[in-house]
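*Asks:* Need the 3D shape of this:
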Amino acid sequence: MPSRSDVLLENLEELQQDLFDIWRTLTRDPKREVWKERAWTALSGVFAALAALAARRAAAKIYGILTGEKPPVGRQAPAPSGGGPSSRQAEEPEQTPTAA
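*Replies:* Numbers count the residues shown, from 1 in each chain. So this is what the prediction gives:
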């Protein structure tokens with residue numbers, strides 16, 4: 001059988017939790033909490049992207065210093081293929097044979 005002090009302590013803990021829940025309900029706006037979470041997600045995403053870009057640049061510089069070469073993967077200008085939209089207009093359309 002639990003003693004009086006154990007029962008009293010248990011009831012006081014329940015009361016404390018109930019008061020805490022009431023306080024949270026009165027002082028917090030759920031819509032604002034959702035907005036804060038979305039803002040935090042966006043902000044952390046931006047910082048993660050910036051950190052990735054900075055890490056890639058730093059790795060490219062370090063690779064160049066260590067090996068004396070350009071990094072094997074990086075921004076390279078695309079080779080001109082001559083197959084852009086303007087070159088298609090100059091070509092004549094192909095004649096497809098029709099069944100007679």
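
*Asks:* What strand or helix carries the spatially most central residue of the chain?
*Replies:* By Cα atoms, centre = their mean, the chain has its centre lying nearest to G45, at 3.9 Å. Applying DSSP states H and E as the criterion places G45 in helix 30-67.

*Asks:* Identify each buried residue in that helix, please.
*Replies:* Buried residues in helix 30-67, counted by 16 or more other Cβ atoms under 10 Å: Y63. All C-beta spots, glycine's among them, are computed from the backbone N, C-alpha and C.

*Asks:* Let me see the mean pLDDT of that helix.
*Replies:* Helix 30-67 shows a mean pLDDT of 96.

*Asks:* Please apply the same query to stretch 70-87.
*Replies:* 66.

*Asks:* Now do the residue nearest to the centre of the chain against R56, distance only.
*Replies:* Using Cβ to Cβ, to the nearest Å, one obtains 17 Å as the distance from G45 to R56.

*Asks:* And I65, by the same measure?
*Replies:* Counting by Cβ to Cβ - I65 and R56 are separated by 15 Å.

*Asks:* Ok, D6 next?
*Replies:* 61 Å.

*Asks:* do P72 as well
*Replies:* Distance, P72 to R56, by Cβ to Cβ: 13 Å.

*Asks:* State the pLDDT value of P2.
*Replies:* Reading off the model, P2 has pLDDT 82.

*Asks:* Give the full set of residues in contact with it.
*Replies:* Counting by Cβ atoms under 8 Å, 6 or more residues apart in numbering, P2 makes contact with E10.

*Asks:* how about 10 Å then?
*Replies:* Residues near P2 by Cβ atoms under 10 Å, 6 or more residues apart in numbering: 8-10.

*Asks:* One more: R4?
*Replies:* For R4, counting by Cβ under 10 Å, 6+ apart, there are no contacting residues.
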